[in-house]
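Peer 1: sequence plus predicted model, see below.
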Amino acid sequence: MCLAVPGRIRDVKPVQEWMYSGTVDFGGVLREVNLSCVPEAVPGDYVLVHVGVAISILPEEEAIQCLAELEHAGVEFEYEEGLE
Amino acid sequence: MKYKDIYQKPELVKAVAEALHRTTTKNWTLMEVCGGQTHSIVKYGLDALLPPQITLLHGPGCPVCVTPVEKIDRAIALAKDHNVILCSFGDMLRVPGTKGDLLAARSEGADVRVVYSPLDAVKIAENNLQREVVFFAVGFETTAPANALAILQAYRRELLNFSLLVSHVMVPPVLQALLKEPDCKVQGILAAGHVCTVMGTRMYEPLAERYQVPIVVTGFEPVDILYGVQMCVRQLEEGRHEVENAYPRVVKEDGNLHARYMVQQVFETEQRVWRGIGALPGSGLGIRKEYAAFDAEKRFCLQEIHSEECPDCISGLILQGRASPVDCPVYKIQCTPDHPLGAPMVSSEGVCAAYYQYGRGAK
Ligand code: SF4
């Protein structure tokens, strides 16, 4: 349950005093995410999201790599192939 | 097929595994704390890549698994007897209580709903002002900001029909409970990356010092985990016991200060009962009295329920790294994901479920 998923912020809007929310793009799937714990985040930033709340801002390169992995999540990967 | 993600790249997995083999000269026993890490290890067979001298024990970091049966019984009672809309993460629905689970309560007519986020439960409360809405809040420090935000939102919006049934737990106190046992075999710890994303790494320093164990903050991808093991073993081989960060792309020393501030506003530490482990002082987060109106256990008059765990389930030992699912006499026989007898067979982070899913154990 401590799973957290990276996504890219599309837009940011204030909800009520010091609470922010925004649309986050998870490899094509858009979701509303609470951004109150990353108030410095701006559209274009990658954030790590856990149960609907962004808990950190990610350096861009890392996030792109994590997203690539999500896109391929449907593909079963045999590690042994690459290791032998 | 393209596998761009370097943290899963076989060449890199291989390179880190080789480095680990070079580093290791003695026998070492490590524990990975988080159920997400356990899942990765079992899924990718990472334990098979370790040098034979290294033993990995699975730790207590599955929030669904450590939620005591009394809380499940209370959630069921709220849903059945108090006519509330009981919201929860999907995994909680199939965790067995003393009699049945939340899914069974739902099939008997209780209004039990699966939500993705506690903030979705706040929305349900907003749309059902004439009904009581309770969110069953389980989780480690990673989930605490979301639950704190749910209460803060409900407070600001004056949603007095919203409350939380809280079974929040924290990592350092349970680690301390495991490490202080005289027969504890754990010599090094892989700390849970996303817990530290919120809370930072400093709170592990007293533990590393007091129990002379290296604690390495570790991520979840195959490369991350092997790298965490390698850093931990290097410390052990060099006779060091420090807190190190093998997941710096996500974890900062102080964690997320905004998130910590919100958690602090709403929650304070309190004693918590852990399934199979028992009561640990200061190991849970409870709702502060300023927000007591949002505490389901204060809001509803819940009768004492006589709770009992399934006598065959050895999840208590498993959650302390003292047994493995294959040691459980009913694993794969009476206990399967379709008919779970204990929480570790239900949760996507439970070690019994991971062993079952990836075909471990001969039975
Ligand atoms: S296999 Fe089932 S009964 Fe055995 S410890 Fe795991 S959850 Fe409990």
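Peer 2: Sure thing, it's come through. On a predicted model such as this, the values are computed, not experimentally measured, just so you know.
Peer 1: domain-wise, how is chain B divided?
Peer 2: Domain assignment of chain B by automatic domain parsing yields the ranges B:2-62+B:172-242, B:65-169+B:255-304, B:317-357.
Peer 1: is the first one anywhere near the ligand?
Peer 2: By that I understand domain B:2-62+B:172-242. No. Using Cβ under 6 Å from any ligand atom, domain B:2-62+B:172-242 stays clear of the ligand, with a minimum separation of 10.8 Å. (Each C-beta comes from the backbone N, C-alpha and C, glycine too.)
Peer 1: identify the residue nearest B:Tyr331 in space, chain neighbours excluded?
Peer 2: Closest residue in space to B:Tyr331, ignoring its immediate chain neighbours: B:Pro325 at 4.9 Å, by Cβ to Cβ, 6 or more residues apart in numbering or on different chains.
Peer 1: quick one on the thing from earlier: for the domains of chain B, which one sits closest to A:Val42?
Peer 2: domain B:65-169+B:255-304 (15.1 Å; Cβ to Cβ).
Peer 1: and the longest strand seen in chain A, anywhere near chain B?
Peer 2: In chain A, ranked by residue count with DSSP state E as the criterion, the top strand is strand A:5-16. Yes. Under the criterion of Cβ under 8 Å from any Cβ of the partner chain, chain B is reached by strand A:5-16 at A:15-16.
Peer 1: distance of B:Leu317 from the ligand?
Peer 2: Going from B:Leu317 to the ligand by Cβ to the nearest ligand atom, to the nearest Å gives 8 Å.
Peer 1: ranges for the strands of chain A?
Peer 2: A:5-16, A:19-26, A:29-34, A:46-50, A:53-58.
Peer 1: which among those is found nearest to B:Leu119?
Peer 2: Closest approach to B:Leu119 among the strands of chain A (Cβ to Cβ): strand A:29-34, 5.8 Å.
Peer 1: and the closest one, what does it pack against?
Peer 2: Under the contact definition 3 or more Cβ pairs under 8 Å, 6 or more residues apart in numbering or on different chains; DSSP states H and E, strand A:29-34 sits against strand A:5-16, strand A:19-26, strand A:46-50, strand A:53-58.
Peer 1: next, the buried residues of stretch B:285-296.
Peer 2: Buried positions in stretch B:285-296, judged by neighbour count with 16 or more other Cβ atoms under 10 Å in any protein chain shown: B:285-288, B:291, B:294-296.
Peer 1: low-confidence stretches in chain B?
Peer 2: Where chain B drops to pLDDT under 70, the residues are B:1-6, B:362-363.
Peer 1: make a markdown table out of the helices and strands packed on strand A:29-34 and add mean neighbour count and distance to B:Glu70.
Peer 2: A markdown table is the format used below for the helices and strands packed on strand A:29-34 (neighbours: other Cβ atoms under 10 Å in any protein chain shown; distance: least, Cβ to Cβ, whole Å):
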| stretch | mean neighbour count | distance to B:Glu70 |
| --- | --- | --- |
| strand A:5-16 | 17 | 32 |
| strand A:19-26 | 19 | 33 |
| strand A:46-50 | 24 | 26 |
| strand A:53-58 | 25 | 28 |
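Peer 1: which of these has the lowest average pLDDT?
Peer 2: Of all those, the minimum mean pLDDT falls on strand A:5-16 (a mean of 87).
Peer 1: could I have that strand exported to PDB, CA atoms only?
Peer 2: Presented in PDB, the C-alpha positions along strand A:5-16 are these (Å, rounded to 0.1, in the frame of the first residue of the first chain):
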ATOM      1  CA  VAL A   5       3.400   6.300  -8.700                       C
ATOM      2  CA  PRO A   6       5.000   9.100 -10.700                       C
ATOM      3  CA  GLY A   7       3.000  11.400 -12.900                       C
ATOM      4  CA  ARG A   8       3.300  14.800 -14.600                       C
ATOM      5  CA  ILE A   9       1.300  17.800 -13.500                       C
ATOM      6  CA  ARG A  10      -0.900  19.300 -16.100                       C
ATOM      7  CA  ASP A  11      -2.500  22.100 -14.100                       C
ATOM      8  CA  VAL A  12      -2.600  23.400 -10.600                       C
ATOM      9  CA  LYS A  13      -5.600  25.000  -8.900                       C
ATOM     10  CA  PRO A  14      -6.200  26.200  -5.300                       C
ATOM     11  CA  VAL A  15      -8.900  24.200  -3.400                       C
ATOM     12  CA  GLN A  16      -9.200  26.200  -0.200                       C
END
